[in-house]
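In: Next come a sequence and a model predicted from it.
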Amino acid sequence: MSDRSQETDEVAGGALTSAANETGPAAPGPNGGGRNRATTHWVGPVLVSLIGAFMSILDTSVVNVAIPTIMNVFNAGTADAQWVATIYMLAMGVIVPVSGWLGDKIGFKRLYILAMAGFTLGSLLCSLSWSLDSLVVARVIQALGGGMIMPTAMAMIFRMVPRDRIGGAMGIFGVALLVAPAIGPTLGGYLVEYVDWRWIFTINLPIGVVGILLSFAFLPDFRAERAGKFDVGGAVTSAVGLFTLLLALSKGTDWGWGSERIVLLFYISVASLALFVYLELTTPDPLIELRVFKYRTFTFANLTVMITTIGLFAGLFYLPLFLQTIRGLGAMQTGLLLMPGALISGAMMPITGRLYDKTGPRILVVTGLTLLAFATLLFSRLNLSTSYTTIVLWILLRGAVMAFANMPAQTAALAVIPQELVGRASAMTNIIRSVSSSFGIAALTSILTKRMAFHAQSMTDRVGSGSIATTEYLQNFAAQTGGSVAATRSSAVSYLHGHIQQLSFVKGIDDVFIIAAILTIAGVVPSMFLKKGAGSGGMAMAAE
């Protein structure tokens with residue numbers, strides 16, 4: 001089939017789905033269900049779905065700042081305490097593939113409410129935990145609910161909202177994707193420092209209860225689709241493959257990328273995921289419908305989402321590292337500096353959504369990625385004396401253009417998918433985003449470590465003990481401290497070594513931002529192939 005024919009199939013299929021949504025439900029399927037009518041009053045339900053999504057994403061970052069306190073409270077080591085954060089990500093990776101099938105089986109409204117209830121129950125258990133082990137178990141329960149919230153909410157949106165307004169809806173929903181990870185450290189830092197560490201979980205309880213009640217009241221009922229027989233093989237192989245992959249990516253730096261444990265995890269992951277792909281392509285009722293990748297826009301949009309996710313977490317992870325390690329700021333102070341970028345991202349999201357409905361994704365994403373690459377490159381100029389005003393201005397620019405780069409691509413990915421497959425496709429996009437964020441942090445951290453060692457060795461060679469620069473430094477240091485060069489040599493060399501380590505760390509972070517900028521601009525290539533899919537001009541596009 002030619003590319004032109006495939007594009008026409010994508011758009012026509014989406015347009016027919018949109019027409020079915022706007023004129024009424026399709027004929028019932030074998031189980032009596034059918035497609036759900038797109039509602040004309042969709043803003044309220046979308047805002048309700050935003051509550052759960054925001055809570056779920058927020059909890060992936062809010063806990064990190066509490067790890068030192070948790071270590072002290074439970075008298076635990078760093079490696080043990082880190083499992084509080086790691087296990088949440090691993091459990092989410094395991095449950096996400098099942099969410100699409102469950103949504104089709106019991107209905108997405110019911111699944112969303114159950115997921116919110118599970119997340120809220122897990123939060124309650126976390127706040128009542130009496131040991132590190134009980135906290136880890138509670139985090140698993142919390143993640144099993146939280147992992148299903150995001151793909152379920154996205155699937156509901158594509159059922160509730162007419163396709164010609166989907167950009168505006170996803171613009172509202174996208175606030176959770178960009179704002180929650182940036183607010184997490186600020187909120188967590190405040191609660192840990194001024195209230196109590198348990199409140200990072202307790203605060204979820206009233207919000208979760210309100211979210212559940214609002215869901216009962218405002219979310220429309222979604223009739224169950226034909227889910228088919230549960231794919232046990234797909235569930236097991238995806239769970240094993242994603243668990244081992246995410247664990248290897250999160251622990252690679254600590255355990256060593258060449259260690260037996262990490263290599264074994266990668267082997268298990270590759271074998272499990274390869275078997276998963278085989279099973280999904282041969283079973284009549286797959287857990288995740290991999291054939292959605294035949295839609296070219298879905299494939300290219302997910303490539304773009306992978307790139308923007310890595311770019312997003314490059315800023316969220318390494319900029320706070322610079323501010324806290326080099327500039328000596330606390331978690332809350334760091335969060336306050338990052339806050340303007342999160343707020344402007346949230347403000348730009350609805351605007352981006354409206355522009356998507358008018359222009360489609362291609363112009364927005366290409367422009368957004370180009371500007372995001374430029375904004376990311378600015379951070380490669382960080383040094384020991386960069387002013388906070390300059391940093392905030394860079395953060396503001398980056399936050400504004402991130403809204404253009406991320407959400408239009410995510411919307412385009414699902415806009416071309418037939419409505420009965422949106423739940424499965426949404427689960428796939430969430431898996432891709434989770435894996436890409438973990439892979440991005442792992443890969444960039446490895447690069448940072450190597451570049452730090454390179455810069456440290458380079459500077460050490462240049463300031464050897466016999467060099468003119470070192471001799472002058474020792475003489476100046478002795479003059480300032482009032483001692484002889486020989487007497488102060490040891491302390492001077494120690495101070496110089498620490499300064500070199502600081503500089504090498506900063507230069508390493510600068511290199512990471514350069515690589516992130518190059519990767520971001522490379523994302524322009526797949527974004528050039530994005531199509532709007534169904535919408536106000538869907539039929540006209542299909543006829544061209």
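Out: Right, received. Where do you want to start?
In: Tell me where the longest helix sits in the protein.
Out: In the chain, with assignment by DSSP state H, the single longest helix is helix 422-462.
In: ok now that helix, how far from the chain's centre?
Out: On the basis of C-alpha atoms, centre = their mean, to the nearest Å, helix 422-462 sits 13 Å off its chain's mean C-alpha point.
In: Could you list every helix and strand in contact with that helix?
Out: helix 83-106, helix 132-160, helix 232-255, helix 296-325, helix 388-415, helix 485-522 (3 or more C-beta pairs under 8 Å, 6 or more residues apart in numbering; DSSP states H and E). All C-beta atoms are positioned from the backbone trio N, CA, C, and that covers glycine.
In: which one of those helices lies closest to residue 289?
Out: Closest to residue 289 of the helices and strands packed on helix 422-462 is helix 83-106 (C-beta to C-beta; 8.1 Å).
In: With mean neighbour count and mean pLDDT as added columns, please give the helices and strands packed on helix 422-462 in TSV.
Out: Listed next are those as TSV, based on neighbours: other C-beta atoms under 10 Å; pLDDT from 0 to 100:
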stretch	mean neighbour count	mean pLDDT
helix 83-106	23	88
helix 132-160	24	90
helix 232-255	20	89
helix 296-325	22	82
helix 388-415	24	88
helix 485-522	17	78
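In: still on that earlier bit, tell me the angle the longest helix of the chain makes with helix 132-160.
Out: 130 degrees (axes from the mean of the first three to the mean of the last three C-alpha atoms, to 10 degrees).
In: I'd like to know the average pLDDT value across helix 422-462.
Out: Here helix 422-462 scores 83 as its mean pLDDT.
In: Hey, what's the angle from it to helix 232-255? Just curious.
Out: Using the same axes, to 10 degrees: helix 422-462 against helix 232-255 is 20 degrees.
In: In CSV: the helices and strands packed on helix 422-462, plus distance to residue 203.
Out: Converted to CSV, these look like this (distance: least, C-beta to C-beta, whole Å):
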stretch, distance to residue 203
helix 83-106, 16
helix 132-160, 13
helix 232-255, 25
helix 296-325, 21
helix 388-415, 24
helix 485-522, 32
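In: So which of those helices is nearest residue 456?
Out: Closest among the helices and strands packed on helix 422-462, once you apply C-beta to C-beta, is helix 485-522, at 3.9 Å.
In: Which SSE is immediately downstream of that closest one?
Out: Per DSSP states H and E, helix 485-522 leads on to helix 524-527 as the next helix or strand towards the C-terminus.
In: Of all the residues in that next one, which ones are buried?
Out: Residues of helix 524-527 classed as buried by neighbour count (16 or more other C-beta atoms under 10 Å): 524, 526, 527.
In: contacting residues for the second one?
Out: So the one you mean is residue 526. Listed by C-beta atoms under 8 Å, 6 or more residues apart in numbering, the contact set of residue 526 reads 300, 301, 303, 304, 307.
In: at 7 Å what do you get?
Out: Residue 526 makes contact with 300, 303, 304, according to C-beta atoms under 7 Å, 6 or more residues apart in numbering.
In: now the residues you listed as JSON lines including distance to residue 460?
Out: Formatted as JSON lines, the contacts of residue 526 follow (distance: C-beta to C-beta, whole Å):
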{"residue": "300", "distance to residue 460": "46"}
{"residue": "303", "distance to residue 460": "41"}
{"residue": "304", "distance to residue 460": "41"}
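In: Run a quick neighbour tally on the closest residue to residue 283 other than its chain neighbours.
Out: Residue nearest to residue 283 in three dimensions, not counting chain neighbours: residue 231, with 5.8 Å by C-beta to C-beta, 6 or more residues apart in numbering. As a burial measure, residue 231 scores 22 neighbours (other C-beta atoms under 10 Å).
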